[in-house]
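J.: Here's a sequence, model it:
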Amino acid sequence: MTTEQPWRVPLADVAVDAELAEAALETVRSGWWSMGPRVKEFERAFADFCGARHAVAVASGTAALHLALLAAGCGPGDEVIVPSLNFVAAANVIVHTGGEPVFCDIVGPDELNLDPEDVESVVTPRTKAVVPLHYGGFPCAMDALGELAARHGLAVVEDAAHAPGATWRGRPCGTLGLAGCFSFFANKNLPVGEGGMVVTGDDEVAARLRLLRSHGMTTVTWDRHRGHASSYDVVSAGFNYRLDEMRAAVGLVQLRRLPQENASRGRIAARYREALDGLNGLSLPFGRLGEERTSAHHLAVVLLPEGTERERVRSTLAERRIQTSVHYPPIHGFTRYRSAAARPLPITDAVASRLLTLPLFGGMSDDQVELVIEALLGAL
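T.: Numbering: from 1, shown residues only. This next block holds a predicted model:
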């Protein structure tokens, strides 16, 4: 859906100021652009932020998931459980390990996260891992998933792309399993353009991640540049999943701003809930979080009344230059993955056509928020 004029309220927005521009420019002027000291500094700062032993910076959130699954031992013939209400990257990376995605349902219209009971029902001797998505920044019920994984000997790889700064029972999302994967795509809470991070408390997993992200080489270019090594061996068939210095420099600035960004998103999300939940047939998921969860508020998702023509609503908002989206078309509906969708996912299917994502970013003005509210109510 496009508009010839600029959006009055974009879905997401990045505030660019002198500090961000100077961080990038200083890196450009340094003459060292590929993975080096700023990446290491970003990794240390992100590990400290999460309370994790290790943080490994990579080229994207997709790369983070791919490497984390490989480090967890996933390979040909293995089954990996994921929610279908998800971005397709979660299934693609499973296929790229040689494994098979097994799609599970969500808890319900008020809880768009993976249902532990449905996960339990699909575990087989071939199941290797489960990849829960903290949908929209709202933490999954990690105690139940952790207990299930422990009983069956499964690795838990958290998809925390939406959840930097979110917590479950006081523990940061991303640190609740074997590894946690984050995305720094341009629309995320911590945007750098492209980029990602894997955090883990396991030394062997961290070593495997660092090896695989750079072609399986035993030393990296920065080490050789500094004279810390003069040659290298290749001990695994790795990838070029490195993060560059410019993005790391931007990431360091954005990480310092993340708590304020999340707090601003939370205030806007609360206003949406106050003004929209239960009105004109609308509902907002995650209304009963409980004290054990704090959200990063990555997405502001509403459920439209049953039978509503979503594209008509979106077109009406677009006419007023308000951008919307859908998170997500369920993966099991895509042509590539229909053969993997042999089992019913009734709750996912029931909510899929009703999902609508509203604009949400820390820099939204009060006027923009009220415009979205008024336009949505008027479109129903």
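J.: Strands of the protein, start to end?
T.: 54-58, 79-83, 100-104, 106-108, 111-114, 127-130, 155-159, 167-168, 171-172, 179-183, 196-200, 293-294, 300-303, 355-358 (DSSP state E).
J.: State the mean pLDDT of the last one.
T.: Per-residue confidence for strand 355-358 averages out to 98 on the pLDDT scale.
J.: Could you list the residues in contact with it?
T.: The contact list for strand 355-358 (C-beta atoms under 8 Å, 6 or more residues apart in numbering) reads 11, 272, 299-304, 310, 313-314, 324-328, 372, 376. Heads up, the C-betas are built off the backbone N, CA and C, glycines and all.
J.: tell me the domain boundaries of this structure?
T.: 18-255, 259-379 (automatic domain parsing).
J.: Let me know which of the strands of the chain is the nearest to residue 190.
T.: Across the strands of the chain, residue 190 has its closest neighbour in strand 179-183 (7.6 Å, C-beta to C-beta).
J.: Restricting the selection to alpha carbons, write the closest one to PDB.
T.: Extracted in PDB, the C-alpha atoms of strand 179-183 (Å, rounded to 0.1, in the frame of the first residue of the first chain):
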ATOM      1  CA  ALA A 179      20.800 -18.500  23.200                       C
ATOM      2  CA  GLY A 180      18.800 -15.400  22.400                       C
ATOM      3  CA  CYS A 181      18.600 -13.700  19.000                       C
ATOM      4  CA  PHE A 182      18.100 -10.000  18.400                       C
ATOM      5  CA  SER A 183      17.400  -7.900  15.300                       C
END
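J.: That one pairs with which strands?
T.: Sheet pairing of strand 179-183 (DSSP bridges) gives strand 155-159 (parallel), strand 196-200 (antiparallel).
J.: re earlier: most tightly surrounded among the domains of the chain?
T.: Among those, ranked by average contacts under mean count of other C-beta atoms under 10 Å, first place goes to domain 18-255 (a mean of 20).
J.: and the end-to-end length of that one?
T.: 16 Å (C-alpha to C-alpha, to the nearest Å).
J.: any idea of the mean pLDDT for it?
T.: Mean predicted lDDT for domain 18-255 stands at 95.
J.: change the start of the numbering to 347 and stick with it
T.: Got it, the first residue is 347 from now on, which makes the last one we talked about domain 364-601.
J.: Measure how far that domain is from the centre of its chain, please.
T.: Put simply, domain 364-601 sits 9 Å off its chain's centre (C-alpha atoms, centre = their mean, to the nearest Å).
J.: who's in contact with the spatially most central residue of the chain?
T.: Closest to where the C-alpha atoms of the chain average out (C-alpha atoms, centre = their mean) is residue 507, at 1.6 Å. Contact partners of residue 507, counting by C-beta under 8 Å, 6+ apart, are 407, 433, 479, 527-529, 531, 534, 542.
J.: Go again with 6 Å.
T.: 407, 529 (C-beta atoms under 6 Å, 6 or more residues apart in numbering).
J.: how about low-confidence regions in the stretch 597-726 of the chain?
T.: For the stretch 597-726 of the chain, applying pLDDT under 70 flags the ranges 686-687.
J.: any idea where the helices of it begin and end?
T.: Per DSSP state H, counting those that start in this stretch, the stretch 597-726 of the chain carries helices over the ranges 656-665, 692-698, 712-725.
J.: Relative to residue 353, which of the domains of the chain is closest?
T.: Using C-beta to C-beta, the nearest of those to residue 353 is domain 605-725, at 4.7 Å.
J.: just how off-centre is that closest one within its chain?
T.: When distances are taken as C-alpha atoms, centre = their mean, domain 605-725 is centred 16 Å away from the chain's centroid.
J.: swap in stretch 359-371?
T.: 23 Å.
J.: What are the contacting residues of it?
T.: Stretch 359-371 is contacted by residues 537, 592, 595-596, 599, 707, 709 when judged by C-beta under 6 Å, 6+ apart.
J.: again, 10 Å this time
T.: Residues from elsewhere that reach stretch 359-371, judged by C-beta atoms under 10 Å, 6 or more residues apart in numbering: 353, 384, 532-534, 537-539, 591-600, 602-603, 607, 669, 705-710, 714.
J.: who's in contact with the nearest residue to residue 409 once chain neighbours are set aside?
T.: Spatially, and ignoring its direct neighbours in sequence, residue 409 is nearest to residue 587 (4.1 Å; C-beta to C-beta, 6 or more residues apart in numbering). For residue 587, the contact set (C-beta under 10 Å, 6+ apart) comprises 402-406, 408-410, 412-413, 542, 544, 555, 558-561.
J.: and what of residue 551?
T.: Contacts of residue 551 by C-beta under 10 Å, 6+ apart are 399-400, 402, 413-414, 416-419, 501, 503, 524-525, 544.
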